[in-house]
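> Prediction below, plus the sequence it came from.
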Amino acid sequence: MINRLMNMGAFPVVGLMLVLGACQTKNKAEESNAFKGAISKPLITKLYTADPSAHVFEGRIYIYPSHDIESGIPENDNGDHFDMRDYHIFSMDSIGGTVKDHGVALQVKDIPWAGRQLWAPDAAFKDGKYYLYFPVKDKKDVFRIGVATSASPAGPFIPEALPIEGSFSIDPAVFPDSDGNFYLYFGGIWGGQLQQWHEGKYVENGSKTDRKDDAAPALTAKIAKLSSDMKHLAEEVKDVVIIDKEGNPLMGGDHDRRFFEGAWMHKYNGKYYFSYSTGDTHKLVYAIGESPYGPFTYQGVLLLPVVGWTTHHSIVEYKGQWLLFYHDTEVSGGETYLRNIKVTSLKHEADGSIKPINPYGAVQ
């Protein structure tokens, strides 16, 4: 854009810089004003954290976020600037209480098959062992999902020598159902590479139809049941089908409702709640189904846009209260890739719907 204006001779470079500087100052002021009305404060301020996956283990809330760093890489749609290299694990025994940093639990350099970009993880517990599921690009720059194990929810975690066979893309989320089965949800378009997978194979120049309005069914998250040892997929990967209330699949051009990334599953009153980020429209939304496989009927928005490009969350019940963990960019003052995790209460209405949350509710 800058080069185009300069080539057109629209105005002198000095004038251009003054205009851009004024715009940036205005944006920062608007963001600062939004943070004044924030309904919750950052849980961590000593480092940048994002994509919080929260679980109740051993009577405490454990949070498994990604760890943002100042990578120095220019921002782009592929997310190269999100060059995260390790995970810290945090825990707390009360909302508003002290948040404990358990230190580094896993690093890219510890993963034999990894190349770069250790993105949003999740965790699970089974038979006395803890499992950390993570996406990272392999040495060919293709996202795969790995698993690491520990005897403690705080780690450190020891990774398997290879990624989970049949896995791809990003944002693993593990759902333990009441029947003892565990399900892995995953996927993300654009930088998450979901559009580059066709019939189980990675295609370097995959479909870009997710980036424009189109009448084809939207690309969507994936699901597979995990094996008994929690380290393999027990079945072929399936689509997570999201439909409207008339039973029609959401279309790729429906950016306000279609899946982008950040899948999460929770269960409430026997129903399965599949929630996710809409990405470029910056919302958290949800759909409800009768099975962990779906189909899921779209219901509405659960979190309005935060300051900062992405939205990624988790939902957990703790001591009788439902909680939404999410992130924004309050600590960095609005830098989209330097985020901080937050938590607020979440309410299911009598009809099973979720009351929409405004993260900056005090702003009129």
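Happy to help now that I have it. Numbers count the residues shown, from 1 in each chain.
> Flag the shaky bits of the stretch 101-250 of the chain, pLDDT-wise.
206-213 (pLDDT under 70).
> Asp116 - how many residues pack around it?
No, residue 116 isn't Asp; it's Arg. When neighbours are counted by other CB atoms under 10 Å, Arg116 registers 14. Quick note: C-beta positions are derived from backbone N, CA and C, even for glycine.
> Relative to Asn358, how far out is it?
Arg116 sits 36 Å away from Asn358, going by CB to CB, to the nearest Å.
> Over to Gln107?
According to CB to CB, Gln107 stands 37 Å off from Asn358.
> In contact with Ile243, which residues?
Ile243 sits next to Pro249, Leu250, Ala287, Pro295, Phe296, Thr297, Tyr298 when contact means CB atoms under 8 Å, 6 or more residues apart in numbering.
> Let's have those residues in a markdown table, adding neighbour count.
A markdown table is the format used below for the contacts of Ile243 (neighbours: other CB atoms under 10 Å):
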| residue | neighbour count |
| --- | --- |
| Pro249 | 17 |
| Leu250 | 21 |
| Ala287 | 24 |
| Pro295 | 16 |
| Phe296 | 28 |
| Thr297 | 18 |
| Tyr298 | 17 |
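> So which of the residues you listed is the closest to Thr281?
Distance to Thr281, by CB to CB, is smallest for Leu250 among the contacts of Ile243, at 12.6 Å.
> residues contacting Ala173?
Counting by CB under 8 Å, 6+ apart, Ala173 touches Ser53, Asp122, Leu184, Tyr185, Phe186, Ala263, Trp264, Met265, Ser314.
> Just the buried ones out of those residues, please.
Buried residues within the contacts of Ala173, counting neighbours by 16 or more other CB atoms under 10 Å: Ser53, Asp122, Leu184, Tyr185, Phe186, Ala263, Trp264, Met265, Ser314.
> part of a helix, is the third one?
No - under the criterion used here (DSSP: H, G, I helix; E, B strand; the rest coil), Leu184 is strand, not part of a helix.
> the strands in the stretch 151-300 of the chain, which residues?
For the stretch 151-300 of the chain, strands defined by DSSP state E, counting those that start in this stretch occupy the ranges 158-159, 173-176, 182-186, 197-198, 201-202, 222-225, 238-239, 242-243, 261-268, 271-277, 284-289, 296-303.
> need those strands in TSV with distance to Pro112, can you?
Output for the strands of the stretch 151-300 of the chain, formatted as TSV (distance: least, CB to CB, whole Å):
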stretch	distance to Pro112
strand 158-159	7
strand 173-176	22
strand 182-186	21
strand 197-198	23
strand 201-202	20
strand 222-225	23
strand 238-239	29
strand 242-243	36
strand 261-268	26
strand 271-277	30
strand 284-289	35
strand 296-303	36
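> between the ones you listed, which one is nearest to Ser91?
strand 173-176 (18.1 Å).
> can you give me how far the closest one is from the chain middle?
14 Å (CA atoms, centre = their mean, to the nearest Å).
> Can you give the strand pairings for that strand, parallel or anti for each?
With DSSP bridges as the test, strand 173-176 is paired with strand 182-186 (antiparallel).
> Measure how the strand it pairs with sits relative to strand 261-268, angle-wise.
Per axes from the mean of the first three to the mean of the last three CA atoms, to 10 degrees, the angle that strand 182-186 makes with strand 261-268 is 150 degrees.
> now what about strand 182-186, what contacts it?
124, 126, 133, 135, 145, 164, 167-177, 221-226, 230, 233, 240, 263-265, 274, 292.
> Are any of these buried, and if so which?
Here, 16+ other CB under 10 Å leaves 124, 133, 135, 145, 164, 167-176, 221-226, 230, 233, 240, 263-265, 274, 292 buried among the contacts of strand 182-186.
> List the contacts of the closest residue to Asp256 other than its chain neighbours.
Leaving aside its sequence neighbours, Asp256 sits nearest to Thr281 (CB to CB, 6 or more residues apart in numbering; 5.2 Å). Counting by CB under 8 Å, 6+ apart, Thr281 makes contact with His255, Asp256, Pro305.
> got it, and Phe260?
Neighbour list for Phe260: Gly188, Ile189, Trp190, Tyr276, Ser277, Thr278, Gly279, Asp280 [criterion: CB under 8 Å, 6+ apart].
> Quick check: pLDDT value at it.
Note on Phe260: pLDDT of 97.
> returning to that earlier point: by neighbours, which of the contacts of Phe260 wins?
Tyr276 (33 neighbours).
> What's opposite that one in the beta bridge?
Applying DSSP bridges, one finds that Tyr276 bridges with Val285.
> Same check on Ala50?
Bridge pairing for Ala50 - DSSP bridges - gives Ser66.
> From Ser332, how far off is it?
Counting by CB to CB - Ala50 and Ser332 are separated by 11 Å.
> Likewise for Tyr326?
Taking CB to CB, one finds Tyr326 at 16 Å from Ser332.
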